[in-house]
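1. Sharing a model prediction with you, sequence too.
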Amino acid sequence: MNSANAQLEAQRYKRVEKLEERLGYQFGDRALAMRALRHSSYGDGKNAGGNNERLEFLGDRVLGLMTARALFDYSSEPEGTLARRLNALVRKEMCAKIARKIGLGDCLLMSGSEERQGGREKTSILGDACEALIAALYLDGGMETVQAFYDQHWLPELAIVVSKSAKDAKTILQELAMAHARGLPHYEVTDRSGPDHDPIFVINVTVTGIGTATGTGKSKRDAERLAAQALIDIWT
């Protein structure tokens, strides 16, 4: 390895060290941690070390299992309600919220063009990276390690979600609007991106006299629900 490459490699691992400090955990396999931090744009998509997409796939399933178990233990609610709770806790926005909390964005490896476009703060990128990190923790330290991470960062969110009404956000928003004589909420698709098999929808919801809020999701239904919840949060 020439000196330039060695210097670049050292800079990369400084990002891992920064992440380890924030997590209070040292990876046995730092190459695994590095892969979790590597966005698909890094090296113009041609990096030899692989990106974090496969880890994201695994992390999504690990997160789902931990959340399902936590809800099963924490709540005696019926299956349908538990399913709604789970969806709220594993959605991309929640993962991005945790990523921001631990400062994951400035540890990521990505292309200069993606960074200039605000990639370090994009919900989709942060959410994916958080799922990849979950997988890396699981593969490196086992279930006990990733469970400790989950308990620290997700259990407080789970308590908040469980304490809220089980009604769907769209239903709550509609009831609020009707009760205040504002008419029905109006939903509008403002953007659609991504490939057909993995689309991203951006939807605005407006209530007359109250304002507009935006939701982003992998289906119109999810985006509408998240937009409704955002407007409820503004309103109430």
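-> Okay, I see it.

2. Buried residues of the helix ranked longest in the chain, list them for me.
-> The longest helix of the chain (DSSP state H) is helix 123-153. Using 16 or more other Cβ atoms under 10 Å as the test for burial, helix 123-153 gives 123-141, 145-147, 149-150, 153. C-beta here means a position set from N, CA and C on the backbone, and glycine is covered the same way.

3. which helices and strands does it pack with?
-> helix 30-37, helix 53-74, helix 92-101 (3 or more Cβ pairs under 8 Å, 6 or more residues apart in numbering; DSSP states H and E).

4. and the angle from that helix to helix 30-37?
-> On the basis of axes from the mean of the first three to the mean of the last three Cα atoms, to 10 degrees, helix 123-153 is oriented at 130 degrees to helix 30-37.

5. Can you name the next helix or strand after helix 123-153?
-> The element immediately downstream of helix 123-153 (helix or strand, assigned by DSSP states H and E) is helix 155-163.

6. following that next one, which helix or strand shows up next?
-> helix 169-179.

7. List the strands paired with the helix or strand following that next one, with their directions.
-> On the C-terminal side of helix 169-179, the closest following helix or strand by DSSP H and E is strand 186-193. Strand 186-193 pairs in its sheet with strand 200-207 (antiparallel), by DSSP bridges.

8. May I have the partner strand exported as CSV, CA atoms only?
-> Only the C-alpha atoms of strand 200-207 are listed here, as CSV (Å, rounded to 0.1, in the frame of the first residue of the first chain):
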residue,chain,number,x,y,z
ILE,A,200,-39.8,6.9,-2.1
PHE,A,201,-42.9,9.1,-1.9
VAL,A,202,-43.1,12.6,-0.5
ILE,A,203,-46.6,13.8,0.4
ASN,A,204,-47.9,17.1,1.8
VAL,A,205,-51.0,17.3,3.9
THR,A,206,-52.8,20.6,4.4
VAL,A,207,-55.6,21.6,6.8
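
9. List the buried residues in it.
-> Buried, per 16+ other Cβ under 10 Å, within strand 200-207: 200-207.

10. Run the angle between it and helix 169-179 for me.
-> Here strand 200-207 runs at an angle of 20 degrees relative to helix 169-179 (the same axes, to 10 degrees).
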